[in-house]
Structures are given as C-alpha cells and as structure tokens.
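[1] show me how the following folds:
(one chain, ligands or ions: 3)
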Amino acid sequence: MEENKVPLHVSMIMDGNGRWARLKGKERIEGHREGVESVRACTEYAIEKGIGYLSLFAFSEENWGRPDSEVSFLMELMVKAMVAELPSFMENGIRFRVLGNRERLTQELKDVIDDCMERTASNSRLNLIVFLSYSGKWDILQAAKRFAADMLADSAGPERLNDTGIGDFEKYLVTAGIPDPDLIVRTSGEKRMSNYLLWQGAYSEFYFTDVLWPDFRKGEFQKALDSYALRERRYGKVFK
Ligand code: IPE
Ligand code: IPE
Ligand code: MG
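    Residues are numbered from 1 along each chain as shown. Ligands and ions are numbered 1, 2, ... in the order given. Okay, here's the model as predicted:
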C-alpha cells in the first residue's frame, strides 16, 4: 500500500457552487466566485503534497445549456482568474493547461488560454489542468475522428489499423501524455460521472463528499488523500 500514498494525478469534479450560494441567501454566481478560492487552496495544497497533476472539471459541454447570464459569468470568471493567477503560476512552477472543445469559446478567452499555456509550458512542479467545455463522449469521438482521418490518409492504414492498441488510440484524446487520474473527487453529494473522464477514469479511485465545492479547502483535500492512501488498487488482479 506504500506506493499508493500520494496520488500522481488528482482530479476534481467541482460541484455544489449554486447550492452553496443558495444556502447563504446569495446569487448562484457568488458560489462560483467563492469556488475560485477553493481552486487556489487546492492548488497550493497539491504543491505542498507533491502531487504532480491536479485537474479540475470547470465546465461541461452540457453546462452550455444553463442560462446565458450564468454561462457568460463563468466564462468571464475564467478569463479574470487566469489573468490574476498567471504571476503565481510562474512563481510556483505551475504548468497550466485548458482542455476541451474550444468551438464555442470567445476569441478573448481562447487568447488568454493560449497565452497562459504558452508562458507556463516549461514549468514542471505542478501540472494544473482545467477541463472547460469538456465531455468524455466528445473527447472519445474527436479522438476517433482524428484517428480515422490519419488512417485514411496513410497507404499503410489498413495494416496499422489491425495493429492499433489502446496506447495508440489514446494519443488522440485531449489528455495525450497526461497520466490517467488516480483519484477523482466529487463534491456536493452527487455520485455520478456527469460525462467526465469516461476513458481516462477507467481505473480511477473515487472519493465522494457532501461538502460543497466552495467549502472544499485544504482539510477536505487531506481527507480525500487519507481515504486514497487506504485503497488497494487491484486492476482486476488478486492481491493478498
Ligand atoms: C459546479 O457547481 C460548477 C459548475 C458546474 C460550473 P454548480 O453550478 O453545478 O452548483 P450546483 O450543483 O447547482 O449546486
Ligand atoms: C458537473 O457538474 C460538471 C462540472 C462540475 C463542471 P453539474 O452540476 O453540471 O452536473 P449534473 O448536472 O448535476 O450531473
Ligand atoms: Mg452541479
């Protein structure tokens, strides 16, 4: 169990911002605003604990179906948070990436994302990954399309297709090169994947807590890590 102690990649389904706000008699957006503070706290703690990858589900493809005012607030919040955090990414050696379907993002948002990704590309202390406009099914489909296009363009395509293994295909997912999450945390009491890392989460450990995302800070993060440290990951095999 020793090797389990600190997960290499922790992923968070940050849920419950709206309920947090309602409980406080505030607008939903106030929950999102407060949620950014939890992101900051968890990022600091990930560095403290020597976690290599912290990924965050910030906005799903399905979340485009929310009221326009909430969607535009969230997109604006992303821009502001990235601009505000860039100096701290550089100071703390954080490599920052945003992954997802960029089609519906504004040019301003795409520019800020590209700028943050380029500037932090050679940092290596912590990989901080935000999944924005992401869904697991979308990711698998875009990978399949790009894979098929490569096969069709290659005269040796049919042969290569026969030899294609899992590792060859997953290079086409947006997470190429990023290790699969060891631990997926979901806050707010919901116990579902909500179309998150369907492929990459195949063998992840799950930690569910009733705590709402804006209240998920270092102490709650530590509880998730404590729970993970006790897990026995068997990958289908038989261990004593
Ligand atoms: C998570 O909080 C943030 C996003 C999905 C963008 P919610 O906004 O889903 O909060 P609840 O689930 O309504 O409380
Ligand atoms: C999942 O939360 C998506 C994110 C945390 C970004 P939702 O609040 O959108 O999920 P459902 O609708 O309750 O499944
Ligand atoms: Mg929710």
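
[2] helix, strand or coil: sort out the closest residue to E190 other than its chain neighbours for me.
    With C-beta to C-beta, 6 or more residues apart in numbering as the criterion, E190 has its nearest non-adjacent residue at 5.7 Å, and that residue is D15. Placement of C-beta: from N, CA and C, glycine included. Under DSSP: H, G, I helix; E, B strand; the rest coil, D15 falls in the coil class.

[3] what about D15, how many residues nearby?
    Around D15 sit 21 other residues, with neighbours defined as other C-beta atoms under 10 Å.

[4] do R217 as well
    Residues within reach of R217, counting by other C-beta under 10 Å, total 16.

[5] so who does it touch?
    E37, S38, A41, C42 (C-beta atoms under 8 Å, 6 or more residues apart in numbering).

[6] can you flag which of these belong to strands?
    For the contacts of R217, membership in strands holds for none, with DSSP state E as the criterion.

[7] how far off centre is the helix or strand harbouring F59?
    Counting by DSSP states H and E, the element that carries F59 is strand 53-60. Mean C-alpha position of strand 53-60 versus that of the full chain (C-alpha atoms, centre = their mean, to the nearest Å) differs by 2 Å.

[8] that one vs ligand 2: in contact?
    Yes - contact between strand 53-60 and ligand 2, assessed by C-beta under 6 Å from any ligand atom, occurs at F57, A58, F59, S60.

[9] those: which two are farthest apart?
    Checked with C-beta to C-beta, the residues of strand 53-60 next to ligand 2 reach their widest spread between A58 and S60, with 8.7 Å between them.

[10] related to what we said a few turns ago, against L128, how distant is the residue nearest to E190?
    For D15, the distance to L128 equals 19 Å [C-beta to C-beta, to the nearest Å].

[11] same question, G93
    Shown here: G93 relative to L128, a distance of 10 Å by C-beta to C-beta.

[12] again, but for I140
    Between I140 and L128 the distance, using C-beta to C-beta, works out to 24 Å.

[13] pull out the CA atoms of the helix or strand of the chain with the lowest mean pLDDT and give them to me as PDB.
    Evaluated with mean pLDDT, DSSP states H and E, the helix-and-strand set of the chain has its lowest mean pLDDT in helix 157-163, which scores a mean of 91. The C-alpha atoms that make up helix 157-163 are tabulated as PDB, following Å, rounded to 0.1, in the frame of the first residue of the first chain:
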ATOM      1  CA  GLY A 157      -3.600   2.500 -42.900                       C
ATOM      2  CA  PRO A 158      -5.400  -0.900 -43.100                       C
ATOM      3  CA  GLU A 159      -2.400  -2.600 -41.700                       C
ATOM      4  CA  ARG A 160      -1.800  -0.100 -39.000                       C
ATOM      5  CA  LEU A 161      -5.500  -0.400 -38.000                       C
ATOM      6  CA  ASN A 162      -5.000  -4.100 -37.300                       C
ATOM      7  CA  ASP A 163      -2.100  -3.400 -35.100                       C
END
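
[14] now do the buried residues in stretch 188-198.
    For stretch 188-198, the neighbour count (16 or more other C-beta atoms under 10 Å) marks S188, M193, N195, Y196, L197 as buried.

[15] so who does D139 touch?
    If you count contacts by C-beta under 8 Å, 6+ apart, D139 has them with L173, V174, T175, L198, W199.
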